[in-house]
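Visitor: How does the following fold in three dimensions:
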Amino acid sequence: MSFRISAALTAALAATLLAPMPVAGQVRASELGTVGQTIDGTVIAIEYSRPKARDRDPLFGGVVHWGEHWTPGANWATTFEVNRDIHLNGHPVAAGKYSVWMVVQPDEWVVYLDPEARAFHTDPPDSTDAQIRFAVVPEERPFLETMTMWFPETSATGAILATQWGTTYVPMEITVEPSRPITLAAEAAEAYMGAYRLAWAIDPDEGEGDGDGPREAKFEVYYEDGSLMARVDPGPPWFRQLVLIEIADDWFNPGILDEDGQLYDVMAGLTLEFNVESGHAKGFDLRWITDEVIASAEREDSM
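Guide: Presented below is the predicted three-dimensional model:
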């Protein structure tokens, strides 16, 4: 009997020791980090481990040897994932998930993305035709203790993806495919070009001023640099110069341009619906997202 009890206790103790223990957290020398950015519906996601300098110097040419194939991070390889096709430093990158590697040199690095996303940092992939490769030139910036990847600049058409560890900063340019191109063929634009008299059905300044009845403005549609443009005078500041983005036959969303003439924002909640007869626009309605007409315009006889 005593033998049976001893055996049972031994089995129970072994099961307890071998069972996985609940863990509140797990400290690692290079903690896992994520960073993401959405640009016009294109979602970019990066997952990487973040090593620290820990007084090691130099980081590149020392901790990371010249000529070494290094994933920017530690532990498992850094991954780069996009849900739509993009260009990275001018090179096409198909939608998907990739591991990221860099061949570091004193003056110029080679970045390559490999379609095998799951890899350990000490096991860089062999060179294949499926990899996307391009050169980058590192810059010097104020010191960062922990390796960081982030998007210091974004626009309506792209972003800068930056990697920095220590004083070494590596920028890469991302360009996305626009969901709504701002270009329009010149022959298609002719139907809408001209001067219109715009009458607001609501106060365009949202209650500012006297608010007595509809306000009028000159709405000029013209063609410039391959886009259908509009000028509004007088008008709210956000509506004075626009690019008209085609969303359907004779329907356009207004887009706001920044000081450099670059697309800053698309007002998807506003739609210009042109009334076209015999290939010539007679006027348009400006509708809010609720389908409410907030302004109407008629073409003027003379410019």
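Visitor: List the contacts of Thr38.
Guide: Ile44 (C-beta atoms under 8 Å, 6 or more residues apart in numbering). Quick note: C-beta positions are derived from backbone N, CA and C, even for glycine.
Visitor: which SSE is it in?
Guide: strand 31-39 (DSSP states H and E).
Visitor: Looks to me like Glu187 is in a helix.
Guide: Yes. Counting by DSSP: H, G, I helix; E, B strand; the rest coil, Glu187 is part of a helix.
Visitor: re earlier: toward the C-terminus, what is the element adjacent to the strand holding Thr38?
Guide: Next element after strand 31-39 (DSSP H and E): strand 42-50.
Visitor: Name the residues that touch that next one?
Guide: Here strand 42-50 has contacts from 28, 30-38, 71-76, 78-84, 86, 100, 121, 146-149, 159, 161, 174, 176-177, using C-beta under 8 Å, 6+ apart.
Visitor: Paired strands for it, with orientation please.
Guide: strand 31-39 (antiparallel), strand 79-82 (antiparallel) (DSSP bridges).
Visitor: Determine which of those approaches Trp251 most closely.
Guide: Between Trp251 and the strands paired with strand 42-50, the tightest spacing by C-beta to C-beta is seen for strand 31-39, at 24.0 Å.
Visitor: and the contacts of strand 42-50, which are buried?
Guide: 30, 33, 37, 71-76, 78-80, 82, 84, 86, 100, 121, 147-149, 159, 161, 174, 176 (16 or more other C-beta atoms under 10 Å).
Visitor: Export the strands paired with strand 42-50 to TSV and append columns for mean pLDDT.
Guide: Shown next, in TSV, are those (pLDDT from 0 to 100):
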stretch	mean pLDDT
strand 31-39	95
strand 79-82	98
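Visitor: so which of those comes closest to Val170?
Guide: That would be, of the strands paired with strand 42-50 and by C-beta to C-beta, strand 79-82, which comes in at 13.6 Å.
Visitor: got the CA positions of that closest one in CSV?
Guide: Once side chains and other backbone atoms are set aside, the C-alpha atoms of strand 79-82 remain, and they are given as CSV (Å, rounded to 0.1, in the frame of the first residue of the first chain):
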residue,chain,number,x,y,z
THR,A,79,8.1,41.8,-41.1
PHE,A,80,6.6,44.3,-43.5
GLU,A,81,3.0,43.7,-44.6
VAL,A,82,0.8,45.7,-47.1
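Visitor: helices or strands next to whichever helix or strand comes after it in the packing?
Guide: Counting by DSSP H and E, the next helix or strand C-terminal to strand 79-82 is strand 86-88. Secondary-structure packing of strand 86-88 (3 or more C-beta pairs under 8 Å, 6 or more residues apart in numbering; DSSP states H and E): strand 91-93, strand 158-176.
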